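Undergrad: quick one, what's the 3D model for this:
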Amino acid sequence: MLQNATIKDYLMLHFIVVIWGFTAILGLLISIPSVEIVFYRTLLASGFLGLVFLVKKQKVRLSQQELGKVIGTGFLISLHWILFFWAARVSTASVCLAGMATTSLWTAFIEPMVNKSKIKWFEILLGMMVISGLYVVFSFEGGYWLGLSMAVASALIAAIFTVINGRLTKRHSPYVLTFYEMLGACIFSVLFMPFYAAFFTEGVGLQLIPQGWDWFWLFLLGGVCTVYAFSVSVELMRRLTAFAINLTVNLEPVYGIVLAVLIFGEKEQMTPGFYLGTLIILISVLLYPVFNYFNRRRQAKRVLGV
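TA: Model (predicted):
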C-alpha cells in the first residue's frame, strides 16, 4: 500500500528526471569516447554499490542461472549506453534525446509481445505519431541522420531490457540487480573494446586515460546519475503511483534538451522543423500513460460490471 505523497516527493522526482536528462550532456563534457565512458560509468557504479553491500554486510548471491540472465541484461544496458553517448557525439545532445524519447513507446509494443497479450489500439496510433515525428526530424535535420538512428536504436534496446527488468525485479532486490547489471555492462564494454579499437577509432586506439575534468564528470555520472538517481527513484516508488512516475520520466528529453541549449548555446540550436518533430514525439509519449490509465479504468469497470 502506498504511503501519502508530499509536494517534496514530486519535486524530488522531477529533480531525478533532470539528472537523467543531464547524462547526454555529460557524455559531451567528458573528453574520452563513448565506449570508454561506459566502461568507467559501469565500473564506478558497480564499485559504489559493492562498497555499500560490503559495509552493510548484505548478501548478494544469485543462482547460476539467474546470474547469467542478469549479467546478460547488463550486456544490453552497456550497448544501450554506448549507442546513447555515441549518438550525442556524432550529432548533438538534443538530437540524441529526441531519439531516446521513443523508449516508452517501444516498450509499449515489446511488452505485449513478451507477455503474449494484445497490442492496444492507442499504442498503434501513438506509434504512428512517433514515426511521423521522426520523419519530420529527419526531413529538417538530415545531417544528423546517423546520430538520430543510433539514438532510436539505443531506445529500442532500452525498451527490451526494461521489459526484462520488469520480470527480474519481481524475484530479486532492485539494488542487487543493479549491482550485477552494472558489472555485466562493465564486462561487455571490456569485451567490445578490441573490436571497437580495430574498426571504429580510425587507428587512434582506445583512450582510457581521462583528462582534466573527466574524473569529476565520470564520478558525477557513475555516482549521482546512476547509483543515487536509481536509489532515490526506487525509494519514491513507496509513495508515488507508477502512473505519476512514468508520466514524469517522460519529461526527461524535455529537461535534457533545455539543459543542452542553456549549456552549449548555439551548438544545440536546431531548426524549427526539429522542434516540431520532437514536439510530436513528446506529445505521443505523454499521451501514452493517459490513454493507458483510462483504458485500465474501463477494463476495471467491465470486470466489476459497472
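
Undergrad: so Leu240: helix, strand or coil?
TA: coil (DSSP: H, G, I helix; E, B strand; the rest coil).

Undergrad: how close does it sit to His14?
TA: Distance of Leu240 to His14, computed by Cβ to Cβ, to the nearest Å: 11 Å. Yep, even glycine has a C-beta here, placed from its N, CA and C like the rest.

Undergrad: neighbour count for these two, which is higher?
TA: Each of Leu240 and His14 has its neighbours counted (other Cβ atoms under 10 Å); Leu240 has more, 19 against 13.

Undergrad: Leu13 versus that one, what's the distance?
TA: Counting by Cβ to Cβ, the gap from Leu240 to Leu13 is 6 Å.

Undergrad: quick check: phi and psi at Val60.
TA: Dihedral pair for Val60: phi -130, psi 30, per degrees, to the nearest 10.

Undergrad: quick check: closest non-adjacent residue to it.
TA: Nearest residue to Val60 in three dimensions, chain neighbours excluded: Val176, at 5.0 Å (Cβ to Cβ, 6 or more residues apart in numbering).

Undergrad: before we move on, what about Ser117?
TA: Glu111 (7.8 Å).

Undergrad: now do the contacts for the one you found.
TA: 117, 163, 166 (Cβ atoms under 8 Å, 6 or more residues apart in numbering).

Undergrad: among those residues, which ones are in helices?
TA: Among these, the residues falling in helices (DSSP state H) are 163, 166.

Undergrad: pull out the buried members of the contacts of Glu111.
TA: For the contacts of Glu111, a burial check counting by 16 or more other Cβ atoms under 10 Å picks out Val163.

Undergrad: and which of the contacts of Glu111 is nearest Ala88?
TA: Looking at these and their distance to Ala88, the nearest is Val163, at 24.5 Å (Cβ to Cβ).

Undergrad: contacts only, for the closest one.
TA: By Cβ under 8 Å, 6+ apart, the neighbours of Val163 are 107, 110-111, 114.

Undergrad: what distance do you get for it to Ala45?
TA: Where Ala45 is concerned, Val163 sits at a distance of 22 Å (Cβ to Cβ).

Undergrad: can you check Glu111 too?
TA: When Glu111 is compared with Ala45 (using Cβ to Cβ), they lie 26 Å apart.

Undergrad: what distance do you get for Pro111 to Ile164?
TA: That one is not Pro; residue 111 is Glu. 10 Å.

Undergrad: likewise for Leu79?
TA: 13 Å.

Undergrad: go on, Phe192?
TA: 20 Å.

Undergrad: over to Glu268?
TA: From Glu268 to Ile164 the distance is 33 Å (Cβ to Cβ).

Undergrad: same thing with Leu218?
TA: Taking Cβ to Cβ, one finds Leu218 at 27 Å from Ile164.

Undergrad: can you check Ile263 too?
TA: 33 Å.

Undergrad: and those two? which has more neighbours close in?
TA: Shown here are Ile263 and Ile164; by other Cβ under 10 Å, Ile164 has more neighbours (19 against 14).
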